[in-house]
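In: I'd like to go over a predicted model; first the sequence, then the structure.
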Amino acid sequence: MDSLLLFFRKLAILFHREKFSSEMEEEMAFHREQQEKALLSDGAAPDSAHYAAKRQFGNTTQLKEQAHELVSFHFETVLQDFRFAIRQLRKNPGFTFTAIGMLALGMCASIAIFAFVDAALIKPLPYRDPSRLVGVFESIPECPQCPLSYPDYLDWKRLNTVFTSLDLYQRNGFLLSTPEGAQLARGLRVSDGFLRTLGITPLLGRDFYPGEDLASAQATVLLSYAAWQQRYGGKDDVLGQTVILDGAPYTIIGVLPREFQFAPARSAEFWAALHAPNSCEVRRSCHGLMAVARLKDGVSIQTALADTKSIAAQLEIQYPDSNRGQGAAVATLADVIVGDIRPILLVLLGGAGLLLLIACVNVTSLLLVRSEGRRREIAVRGALGASSARLVRQFATEGFLLVGIGSALGIVLAGWLMRLLTRLIPTDMTANMSYLQDLGFNLRVGAFAFTIAILCMALFSVVPTWRLSLASLRGGLTEGSRGSSVNSWSRLGSNLVVMEIAIAMVLLVGAGLLGKSLYRLLHVNLGFQPDHLATLEVDAPDDVYGKDESSIALERRVISEIEKLPGVQSVGVSHLGIPMDGNGNTTWFRVIGRPWHGEHNDTPQRDVSPTYFTALHAKLVRGRYFNENEDASKPSVAIVNQALVRKHFSNDEDAIGKQLSFVPVATKPIEIVGVVEDIKEGPLDIATPPVLYFPLNQNPSDSFAVVVRTSQSEASVLPAMVAAIHRIDRNIAVHDEMTMTEKINNSQTAYLHHSSAWLVGGFAAMALLLSAIGLYGVVAYSVSQRTRELGIRLALGAQPRAVYQLVMKEAGWLAAAGIAIGLACAIAVATLMRGVLFGVRSWDLSTLAAVALVLGASALVASYVPARRAASLDPVEVLRSE
Amino acid sequence: MPNKPDLLPGTLDMLILRTLKRAPQHGYGIALSIKHLSDNVLTVEEGSLYPALQRLLLRGWVKAEWKKTETNRRARFYTLTPAGRKQLGAELSQFEQMIAAISRVLQDA
């Protein structure tokens, strides 16, 4: 009630502000007059009575100001402050634009990168109770997180006591029959409870029944939302329709929700029940299935790991042939999905954070310089009656405005940057990172932006206020008061610049190391020549080409058709993978005549045509390539890479002529006929393991990859290659046509290194610019403050050269200190990020030296201009103006 | 200038209200009254008097109107309102309680 009354009284005064002021003035004038009269009657001289009365009354403006503050609403003064702040900022557009620009830059980078971090690392996976979901793997030294075999899965499912459910998924390309011919459609084979384990129910239709994943059940499939929309026009009558996948009819039983995503599935369109076991899945040694499980309540990952490990140990004893040396691994599903990009994202976030920090430091030092310049203004305002709270609020308002405009701009730019960055990710990668599909502004990103904005505001309003601690106000009024306060400012400003240079150094070293990693990565010895090499993959229907002789005929036909194309030099074919595909598709073998204790020697296997190595321009070290007529009727032969020779044969041994056998099921002896230099089969940053190559004609297949060596641009040959294969048969699916250079650059390793090197490089370039601006600002300010001193030096006969050197020396010290501190920090930071480096030590001397040189040079340029100005001062002018 | 004791914090409002209880007064008059009544011990600084008067006005404890003084000069006279009278009573009894408490402590010590 009281406060309401108060409000209305204030309101009344608000509408009669003029009257309020004039009455107040009149009242005070009356008071002074009465006092003067009293003094006069006490016998004082008229003049002195007048002044005494005035003096006794004190600071009229301050009194009025106080009275105003008392009766006015808060927002009025706030509005006044805003008006004044805007006026101040407009008066100084250079400062305003620089400060806002730097803030926007720092905010933009941090917010955009944080949005990525949020989408990938912070936002929980969109499943029921996602923290209870884990990936379950079999584990061997060569492959710590490996797929399961189907018989092992059944045992784990039966014996475990830690999972409420354990389910399977496997990426699978389905040959989809369409009226225009065959296409390869992305798909996933899953066990019946897969969606229930994730906690997802279909949007339309039903989930798989228990047991529907067995070979005995009718073949059924769920559609992804995108496939439903694009292939079936989003119609409801899709349920019950039949679709031909890999030549077999599947009944469509449901459609998955629109927002459902499962990154390991890439953008799978057809989600089929497993229909286990197929030819691989009958064998306990054939590992092809990924497992996901839901932990029972109260069971930790450690407990689950212990349990699965004990089951694995039990299976090892029970099935020594197939399960020897096989352990278990359990990791959170989030780790399985985003584990490999976490370190890179954190490095990027760190880089963006440092950029923001440098921007803040820069703006702070600009504000300091400015508040020094306003010392007089503030002192005058204080003397004229501005209360200290009001002065502090003025600075806070200005900080608020700067940060407000800066963050608004930063947020807009961040949205734009996010779109740009997502567009730069190759579509192949995006399919792999479906969690990025809801990248954008959400509550967490908003809260992040808000928090850094608040921190900046606090910093920018506290710093100038603290510098102008109001006790020293009186000093501000005295002319030429450039004593201790300026010196201490210089010290503070210098410290800020040293800090900026150190941060820039850290960012530059980070960028340098990442750049060098990228260079090293793109220049690893591939073992083949990647330019002028076109690749594509062929999938032919099994009912037509499944038999060995028809597979061989198809392969020969494809090679001869493509060889006829203009610009083609040689054509090779490989089954189970071409370079850069990965180190998977492994087999087990032993060397005949060696002691063997059942070890598996898990080794990638490739079945290749005789022309394969020639087309790749791989180097034959010893022996020979395969012959065209080496098929199943001829003795089994193999070509091995040097890594295999190093691992399994001693230096003085000749691998040629040695015999191998598959395990655990023994085959007829396979003779090694050739040794090739290591070809990079898997990721660039992983050393090539031993690899076995067999003649394709001894293990024919109707799905294979084609590599084509061209004399002209390899990209231009690709369409002709596709057409040539479709001329053979429209029902052969052709997919993943790309040049080898694309394949390398779009590989996850190369891409992650590439993007982090460029992004951190961008941050570092901006940091370099900002620190140069900062150094320039400080040196220029210090010169302007020392004009009198420098003038006297010049007047007393100092050579301009000496003055120039004086200034340069000061700047040099700052730069040197910054570089030295930065060096120490950079080595520490580089040690932290050595996980994302490739082929570079964290204390790479040449990078450190180069960065120090670049920073030193930029510091030199930044201080040259103010030093020149100092040296060309006219002493007469300077001394006269003082 | 001899050191004059500062007003006890919070007592200025009470002194003003008490002064106005006798008769309406203008600002200068209030200051003068307090000075005289306290035998020159208490001086009310103008710097606190006018803000205090504004505060009392806002609270509704005093009213202000422009009137002529004896010397025919226009001045703003403050009058105690019924609410102010009540407030004065409350403050006085509070003050007396406090003084009594303080003196008890002092005697005992």
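Out: Yep, that arrived. Numbering: from 1, shown residues only, chains lettered A, B, ... in the order given.
In: return the residues in contact with the nearest residue to A:D581 once chain neighbours are set aside.
Out: With CB to CB, 6 or more residues apart in numbering or on different chains as the criterion, A:D581 has its nearest non-adjacent residue at 6.7 Å, and that residue is A:E681. All C-beta spots, glycine's among them, are computed from the backbone N, C-alpha and C. Residues near A:E681 by CB atoms under 8 Å, 6 or more residues apart in numbering or on different chains: A:G577, A:P579, A:M580, A:D581, A:G582, A:N583, A:P604, A:R606, A:T688, A:P689, A:V691.
In: ditto for B:Y28
Out: A:F30, A:H31, A:Q34, A:Q35, B:A75.
In: which of the contacts of A:E681 are buried? Put it as a PyMOL command.
Out: Buried residues within the contacts of A:E681, by 16 or more other CB atoms under 10 Å in any protein chain shown, are selected in PyMOL with:
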select buried, chain A and resi 577+579+580+581+583+604+606+688+689+691
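In: which residues of chain B lie near chain A?
Out: Within chain B, the positions near chain A by CB under 8 Å from any CB of the partner chain are B:26-28, B:31, B:45-47, B:50-51, B:54-55, B:57-60, B:66, B:73-76.
In: what about 7 Å?
Out: B:27-28, B:46-47, B:50-51, B:54-55, B:58, B:60, B:73, B:75-76 (CB under 7 Å from any CB of the partner chain).
In: would a markdown table of these with pLDDT and secondary structure be doable?
Out: Listed next are the residues of chain B next to chain A as a markdown table, based on pLDDT from 0 to 100; DSSP: H, G, I helix; E, B strand; the rest coil:
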| residue | pLDDT | secondary structure |
| --- | --- | --- |
| B:G27 | 86 | helix |
| B:Y28 | 86 | helix |
| B:E46 | 76 | helix |
| B:G47 | 75 | helix |
| B:Y50 | 83 | helix |
| B:P51 | 80 | helix |
| B:Q54 | 84 | helix |
| B:R55 | 83 | helix |
| B:L58 | 83 | helix |
| B:G60 | 86 | coil |
| B:R73 | 82 | coil |
| B:A75 | 85 | strand |
| B:R76 | 87 | strand |
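In: any of those residues buried? List them.
Out: B:G27, B:Y28, B:E46, B:Y50, B:P51, B:Q54, B:R55, B:L58, B:G60, B:A75, B:R76.
In: just the pLDDT for the nearest residue to A:C108 once chain neighbours are set aside.
Out: In space, A:C108 comes closest to A:L413 once its chain neighbours are excluded; the distance is 3.8 Å by CB to CB, 6+ apart. Note for A:L413: predicted pLDDT of 94.
In: how near is A:L413 to A:M107?
Out: 8 Å (CB to CB, to the nearest Å).
In: sorry, back to before: quick check: phi and psi at the residue nearest to A:D581.
Out: phi -80, psi -30 (degrees, to the nearest 10).
In: how close does it get to chain B?
Out: Between A:E681 and chain B the computed distance is 84 Å (CB to the nearest CB, to the nearest Å).
In: from the centroid of the chain, which residue is nearest?
Out: Picking chain A for this. Geometric centre of chain A, nearest residue: A:L345, 3.4 Å, by CA atoms, centre = their mean.
In: could you do chain B instead?
Out: With CA atoms, centre = their mean applied to chain B, the nearest residue to centre is B:I16, 1.6 Å.
In: any idea which element that residue lies in?
Out: According to DSSP states H and E, B:I16 maps onto helix B:12-22.
In: immediately after that helix, which helix or strand?
Out: strand B:25-26.
In: summarise which helices and strands that next one is packed against.
Out: strand B:74-80 (3 or more CB pairs under 7 Å, 6 or more residues apart in numbering or on different chains; DSSP states H and E).
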